[in-house]
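Chemist: below are the sequence and a predicted model; questions follow.
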Amino acid sequence: MFQIFRIGRPCRSGSCDKGRRAKSGTGEGLCRACRANQCSVPVGRSACHLPGSCRTTTRAAPFGPSHAQRIIRDPFIKPVTHQSGVPMDHTCAFFGLGRVGLPQALVAADSGLDVFGIDVDEQRIESLAMGVCPFTEPSLQDLLDRHLGTAFHPLPDREASPVLSRADFIVITVGGPYPSGPHEAFMTLSRIVDRILSTDVRPGVTIVLRPTVEIGTTDRLREHIELKHDLTEGIDFHLAYVPERLAEGNAVVEERTLPKIIGTYSDAAYERTSSLFSRVGGRLIKVSKPRTAETCKLIDNSFRSTLFAFANDLALLAEGNGIDALEVITGCNQDYPRNAIPAPGPVSGYCLGKDPYILEESFGASASGRGFGSLWYYGRKANDALADHCADVLRRTLGKLKRHHGARVLVMGMSFKSDVDDYRLSFGIDLVDVIRRRLPDAKVRIYDSHLGANSYTRMPPSLNVPVEDRFDRLSPEVFRDIDAVVIAARAPEIAALGDRTSLGELLVHAQPGLVIYDCWNIWRPAVDIEGVSYFGLGFRNPCGGD
């Protein structure tokens, strides 16, 4: 096992040609290169404590003693070879192994990089160490199976110091917080960076930020590091902002193919950062500074949110005027290349649900000058108001049927998008909360095929949905005695039932006069089922009329 040396007095080896310096009082007083060459324990894992399997076939319990130091390779030793045949000449520490951090880390490992994945969640690390992905993402389990213990090494944060001290690149991939106050992302990232710099990182290490942040966060972080840690950007370390732009459900493919926008403070920092991401894949786009790259990420999601908000307001317009919104959209788009109006539907999730509000924090001066906020802000507000609209439809339609007191309401689809196991900031979760507030006597039942599958698909305790009213498999029993159904997510198994015969069989135990409000217009054949009152977002007026 190697010792970790600080930069200090000169190496005492007479044959040292590295020009390195070793910390005083460390026994032999050798630099890392000379110490590694003289060590009697071979570089690698002859006494491996890597959780899961390793190349020496030694298997040890997770988080054994000196775990990190036993698996780290000295940076001055000839790099080992990736299974693709490419030398692993960069050691990368990925800080944060969540929904987007883990795909980034494993794609980097698959690209010939030596990757250490670090997370504070030790249950997640233990799961990864045992070869189990903590959530569902296409191709991710295959990458974990292929690289665990060779090119990818999961580590708990408490054991990461030896890795951080030797990493060429430290990539911060934690999720950005929901904006609840000014400079929230900066405070989160500064704590992470302080923890990283509490170790003796390599001189010239490149720190890459990938989370969504408020404009100017990288600038604040650079100033924080320079003042608090007495380090100079461009000399002691390099700082880059490279936003992740991944869509859950396609993250592995997109990390390999999507363009990487790179914002740095110098050409040297760009060259170092581009040397990392050129291995990963996708076109490299150099922008003039980090705050430009920060803005690009916020615009990506704010534009999409605003575009869908237009379609959703069009749907409300259609409901109030006896028009079919989908017919309007088809008519406008058909053979008219200047239009690309999307279909209406809920817009939520951990990115689109918060990024317009983060962007708005940088729009304050403009909003103040003209007296109102941005288009993306009001677009996001319009999308958020859709849950209230749904609850209001239920209240009015059930009220006409004299059922609004004690009504049984089924909300279908808790994930924020089709076939993804992630409830964070989802429309379905928000809708259950709104229904409980707007219809306090209602009994809410939920359905989602991913229910309870992992830490991302747990129902918030505050929603107080009884266990017996939670379903993860579709059957007629789910609809027994139900007065109203809201389709909140376009899950594949829900969309597959969009024919009259299948729906009739599924709804056989529902209450006569069942109300369906379909936010995705995928059960329209239900309009012809006797005893069912069907309304879609932008289709038929729930208040009466056409």
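Modeler: Received, thanks.

Chemist: where along the stretch 51-200 of the chain do the helices fall?
Modeler: Secondary structure of the stretch 51-200 of the chain (DSSP state H, counting those that start in this stretch): helices at 67-71, 101-110, 122-129, 140-147, 161-164, 184-197.

Chemist: make a markdown table from those and add mean pLDDT to it.
Modeler: Below are the helices of the stretch 51-200 of the chain laid out as a markdown table (pLDDT from 0 to 100):
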| stretch | mean pLDDT |
| --- | --- |
| helix 67-71 | 48 |
| helix 101-110 | 98 |
| helix 122-129 | 97 |
| helix 140-147 | 98 |
| helix 161-164 | 93 |
| helix 184-197 | 93 |
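
Chemist: turn those helices into CSV, columns for distance to residue 454.
Modeler: (Glycine included, C-beta is placed from N, CA and C.) Formatted as CSV, these follow (distance: least, C-beta to C-beta, whole Å):
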stretch, distance to residue 454
helix 67-71, 25
helix 101-110, 12
helix 122-129, 9
helix 140-147, 13
helix 161-164, 26
helix 184-197, 23
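
Chemist: deepest-packed of those helices, please.
Modeler: Stretch with highest mean neighbour count among these: helix 101-110 (a mean of 27; mean count of other C-beta atoms under 10 Å).

Chemist: list the helices and strands it packs on?
Modeler: strand 91-95, strand 114-119, helix 140-147, strand 152-156, strand 169-172, helix 251-257, helix 267-280 (3 or more C-beta pairs under 8 Å, 6 or more residues apart in numbering; DSSP states H and E).

Chemist: export the shortest one to PDB, keeping only CA atoms.
Modeler: To tie it back to what came earlier, the one meant is strand 169-172. Output of strand 169-172 as PDB, limited to C-alpha atoms (Å, rounded to 0.1, in the frame of the first residue of the first chain):
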ATOM      1  CA  PHE A 169     -10.100  15.200 -13.300                       C
ATOM      2  CA  ILE A 170     -12.800  15.700 -10.600                       C
ATOM      3  CA  VAL A 171     -16.200  15.800 -12.200                       C
ATOM      4  CA  ILE A 172     -19.000  17.000 -10.000                       C
END
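
Chemist: that one pairs with which strands, and in what direction?
Modeler: If you go by DSSP bridges, strand 169-172 pairs up with strand 91-95 (parallel), strand 205-209 (parallel).

Chemist: remind me which residues of the chain are low pLDDT?
Modeler: Scanning the chain for pLDDT under 70 picks out 1-89, 177, 180-181, 542-546.

Chemist: tell me which stretches of the stretch 401-546 of the chain form strands.
Modeler: Listed in chain order, the strands of the stretch 401-546 of the chain (DSSP state E, counting those that start in this stretch) span 408-412, 443-447, 470-471, 484-487, 514-518, 532-536.

Chemist: in CSV: the ones you listed, plus distance to residue 290 and mean neighbour count.
Modeler: Output for the strands of the stretch 401-546 of the chain, formatted as CSV (distance: least, C-beta to C-beta, whole Å; neighbours: other C-beta atoms under 10 Å):
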stretch, distance to residue 290, mean neighbour count
strand 408-412, 41, 23
strand 443-447, 42, 22
strand 470-471, 44, 16
strand 484-487, 42, 27
strand 514-518, 44, 24
strand 532-536, 44, 21
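
Chemist: would you mind giving those as CSV with distance to residue 232 added?
Modeler: Listed next are the strands of the stretch 401-546 of the chain as CSV, based on distance: least, C-beta to C-beta, whole Å:
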stretch, distance to residue 232
strand 408-412, 54
strand 443-447, 54
strand 470-471, 55
strand 484-487, 56
strand 514-518, 59
strand 532-536, 60
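
Chemist: quickly list the domain ranges of the protein.
Modeler: Listed by automatic domain parsing, the domain ranges of the chain are 73-288, 297-382, 385-536.

Chemist: what's the offset of the longest one from the middle of its chain?
Modeler: The reference is to domain 73-288. 14 Å (C-alpha atoms, centre = their mean, to the nearest Å).

Chemist: quick one, phi psi at residue 353?
Modeler: For residue 353, the backbone dihedrals (degrees, to the nearest 10) come out as phi -80, psi -20.

Chemist: is it true that it touches residue 429?
Modeler: No: counting by C-beta atoms under 8 Å, residue 353 stays clear of residue 429, with 10.4 Å between them.

Chemist: coming back round to it: quick one: closest of the helices and strands packed on helix 101-110 to residue 207.
Modeler: strand 169-172 (5.0 Å; C-beta to C-beta).

Chemist: my read: residue 279 touches residue 110, true?
Modeler: No: contact between residue 279 and residue 110 fails when scored by C-beta under 8 Å: they sit 9.9 Å apart.

Chemist: and the closest residue to residue 405 other than its chain neighbours, how many neighbours?
Modeler: Using C-beta to C-beta, 6 or more residues apart in numbering and skipping the chain neighbours, the partner closest in space to residue 405 is residue 441 (4.9 Å). Residues near residue 441, counting by other C-beta atoms under 10 Å, number 8.

Chemist: try residue 388
Modeler: Neighbours of residue 388 under the rule other C-beta under 10 Å: 15.

Chemist: you'd agree it is in a helix?
Modeler: Yes: counting by DSSP: H, G, I helix; E, B strand; the rest coil, residue 388 is found in a helix.

Chemist: can you tell me how far it sits from residue 440?
Modeler: In this structure, residue 388 and residue 440 are 15 Å apart, going by C-beta to C-beta, to the nearest Å.

Chemist: out of the strands of the stretch 401-546 of the chain, the one nearest residue 154 is which?
Modeler: strand 470-471 (31.2 Å).

Chemist: that closest one packs against which elements?
Modeler: Packing partners of strand 470-471 (3+ C-beta pairs under 8 Å, 6+ apart): strand 443-447.
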